[in-house]
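Student: structure for the following, please:
(chains A and B)
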Amino acid sequence: MIDPKLLRTNPDAVRASQKARGESVELVDDIVAADEARRSGIARFEQLRAEQNGLGKQIAKAKGDEKASLLARTKELAAKVKAAKEDADAAGARFDELVLGLGNIVIDGVPLGGEDDGVVIETVGTPRDFAAEGFEPKDHLELGEALGAIDMERGAKISGSRFYVLTGVGAQLEFALINLAMAKAAEWGFTPMIPPALVKPSAMAGTGFLGQAAQDVYHLPADDMYLVGTSEVALAAYHSDEILDAESLPRRYVAFSPCFRREAGSYGKDTRGIFRVHWFDKVEMFVHCKPEDAVAWHEKLLGFEKDFLRALEIPFQVLDVASGDLGLSAARKYDCYAWLPTQQRYREVTSTSNCTQFQARRLGIRYRAESGTEHVATLNGTLCAMTRIIIMLLENHQQADGSIYVPEALRPFLGRDSLTA
RNA sequence: GGAGGUGUCGCCUAGUACGGUCUAUGGCGCCCGCCUGCUAAGCGGGUUUGGGACUUAAUCCCAUCGCGGGUUCAAAUCCCGCCACCUCCGCCA
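Tutor: Model (predicted):
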């Protein structure tokens, strides 16, 4: 949720942000009107209620006839109070409904536009020239099957399309990646976490995944629970309705969790292999910090992501994601796109978002500031999405003989320097 | 899943049988001040959270006793539903 005060003090900023997102600007006017209605409703209720409270005190002391006449008066008032309360509640609900659909305020400097308007701000490493090496690169599935690392057919047999089984070295590779990621994150000061992958509606709504993104989320109706698409959900909700000590910030968490995505609306896209699947495991970084530190932490998270990809010796680009492609919660987002040889293009492997105070407001995560309390800022960033990274390792590090070079950083965790069939 | 118990403003706690000076008690901790060679002790005051009135401060108003409803002029207190935790039983990695 954006700061409701902003609607009164600077509605133009909200309109501009909404426009940048390619969303309805009229919605802002509706919300401003709803806010006005809500506030006047509350004022009316509070005034009546004060009157009623005053009478109540007199009644408590009164006796006999005086009490009877006071009772008659206050009964009438009570009906008015009840009606005013209902009006105020309805206006409040209307406001909430509208304001929760409003995306975060886009940070100045974010490129304007949609999916294709992100700006490449950095390119790291150089894609290999397989032609010069004298062989045609194989894709990750062909390589993975030859190594006995990926079993798509049985994945589909067990769970359907877009499911897989990591087998043998494939499974070992994931464990090695998890351990490398966790070891690095611990060095950077993150606390390791293993949170639930099944969460309540409040956690899902608080992180902004029940809006436009709802069709991509698995819901268990029998229990009204959701399968998370990222551990960001649990790590954000971890401190919901808490007031943190300022000295305890920034709080840095790194979590391992499975991630579930319905991939509705991506029918026919990336159908081969494990690029786009309904479930994968991920190591995710999450930061709760003071609002004024959020931009700096966003850069740090991006730095950690880059460090990890560099350690795996994978060429990649950094994209400053355009305003129309941010998702509800993010005020700015950087994606890392790694080079995928068989597609001759960069594909997304990580994503880091600065959600400013948007999620914290919805979830009630505050800290004690010099004067009063203040909502924290939350940020998240992918450290290692297993399936995507496995793809990149297999394809980028394949050798002419079908073996896979293992980057030095990963060797201590995998216990070998190459993968062979 | 079954039976019972508990949930009060950081922590502990009084209050709930009987609805109304509950404007929620006391202790601990913390903050400010006084006192005092220093420290401790002592003394006085403050200390839930959110919203609002006011230019600020002081002050005041509304809501808030796990959450949501209901009864009532009036609910921490009575009724209903839910949630969390504890104990026991059953089941289970």
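Student: my guess is A:A88 contacts A:R44. True?
Tutor: Yes: here A:A88 reaches A:R44: they are 7.1 Å apart, a contact under CB atoms under 8 Å. For every residue, glycine as well, the C-beta is placed using N, CA and C.
Student: neighbour count: the two, which is higher?
Tutor: The neighbour count for A:A88 versus A:R44, taken as other CB atoms under 10 Å, is higher for A:A88 (20 against 17).
Student: what residues does the more buried one make contact with?
Tutor: A:R38, A:G41, A:I42, A:R44, A:F45 (CB atoms under 8 Å, 6 or more residues apart in numbering).
Student: can the residues you listed go into TSV with extra columns for secondary structure and pLDDT?
Tutor: What follows is the contacts of A:A88, written out as TSV (DSSP: H, G, I helix; E, B strand; the rest coil; pLDDT from 0 to 100):
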residue	secondary structure	pLDDT
A:R38	helix	91
A:G41	helix	90
A:I42	helix	90
A:R44	helix	90
A:F45	helix	90
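Student: of the residues you listed, which are in range of RNA strand B?
Tutor: Under the cut-off given by CB under 7 Å from any atom of the strand, RNA strand B has A:I42, A:F45 from those close to it.
Student: who wins for neighbours among the contacts of A:A88?
Tutor: Highest neighbour count within the contacts of A:A88, by other CB under 10 Å: A:R38, with 23 neighbours.
Student: residues in contact with that residue?
Tutor: By CB under 8 Å, 6+ apart, the neighbours of A:R38 are A:A88, A:A91, A:G92, A:R94, A:F95.
Student: and the next element down the chain from the lowest-mean-pLDDT helix or strand in chain A?
Tutor: Across the helices and strands of chain A, the lowest-confidence element by mean pLDDT, DSSP states H and E is helix A:64-99, at a mean of 85. Downstream of helix A:64-99, the first helix or strand assigned by DSSP states H and E is strand A:119-124.
Student: ok, residues contacting that following strand?
Tutor: A:P111, A:K306, A:L309, A:R310, A:P315, A:F316, A:Q317, A:V318, A:L319, A:D320, A:A322, A:Y334.
Student: how would you label the third one: helix, strand or coil?
Tutor: It stands for A:L309. State at A:L309, reduced to three classes by DSSP: H, G, I helix; E, B strand; the rest coil: helix.
Student: and the stretch 51-200 of chain A, which residues reach RNA strand B?
Tutor: Proximity of the stretch 51-200 of chain A to RNA strand B is confined to A:52-57, A:59-60, A:71, A:74-75, A:77-78, A:81-82, A:89 under the rule CB under 7 Å from any atom of the strand.
Student: select from those residues the one having the most neighbours.
Tutor: Highest neighbour count within these: A:V81, with 20 neighbours (other CB under 10 Å).
Student: give me the nearest residue to that residue, chain neighbours excluded.
Tutor: Computed as CB to CB, 6 or more residues apart in numbering, the closest residue to A:V81 that is not its neighbour in sequence is A:L48, at 4.8 Å.
Student: can you give me the angle the helix or strand containing the one you found makes with helix A:64-99?
Tutor: According to DSSP H and E, A:L48 maps onto helix A:26-61. Orientation note: helix A:26-61 sits at an angle of 160 degrees relative to helix A:64-99 (axes from the mean of the first three to the mean of the last three CA atoms, to 10 degrees).
Student: now find how far off-centre helix A:26-61 is within its chain.
Tutor: Remark: helix A:26-61 is offset 36 Å from the chain centroid, using CA atoms, centre = their mean, to the nearest Å.
Student: what are the bridge partners for the residue in the stretch 251-400 of chain A that RNA strand B sits nearest to, then?
Tutor: The nearest approach of the stretch 251-400 of chain A to RNA strand B comes at A:T373, 3.3 Å away (CB to the nearest atom of the strand). For A:T373, the beta-bridge partners under DSSP bridges are A:R368.
Student: tally of neighbours for it?
Tutor: If you count neighbours by other CB under 10 Å, A:T373 ends up with 12.
Student: distance of the closest residue to A:I391 other than its chain neighbours relative to A:L249?
Tutor: Once flanking residues are discounted, A:I391 sits nearest to A:H140: 4.2 Å by CB to CB, 6+ apart. Distance, A:H140 to A:L249, using CB to CB, to the nearest Å: 40 Å.
Student: the more surrounded of these two?
Tutor: Higher neighbour count among A:H140 and A:L249: A:H140, with 27 against 16, using other CB under 10 Å.
Student: sorry, back to before: which residues sit in contact with the residue nearest to A:I391?
Tutor: Taking CB under 8 Å, 6+ apart, we find A:H140 in contact with A:I150, A:G273, A:I274, A:F275, A:T342, A:I390, A:I391, A:L394, A:E395.
Student: that older thread, I'd say the residue of the stretch 251-400 of chain A closest to RNA strand B and A:Y367 touch.
Tutor: Yes: the criterion here is CB under 8 Å, and A:T373 meets it with A:Y367 at 6.8 Å.
Student: which SS class is the residue of the stretch 101-250 of chain A found nearest RNA strand B?
Tutor: Per CB to the nearest atom of the strand, A:I243 is where the stretch 101-250 of chain A lies closest to RNA strand B, at 6.1 Å. Under three-state DSSP, the three-state class of A:I243 is strand.
Student: residue contacts, it?
Tutor: Counting by CB under 8 Å, 6+ apart, A:I243 touches A:R366, A:Y367, A:R368, A:T373.
Student: leaving out sequence neighbours, find the closest residue to the spatially most central residue of chain A.
Tutor: The residue lying closest to the centre of chain A (CA atoms, centre = their mean) is A:E232, at 5.3 Å. In space, and not counting its chain neighbours, A:E232 is closest to A:N380: 4.3 Å by CB to CB, 6+ apart.
Student: many thanks, we can stop here.
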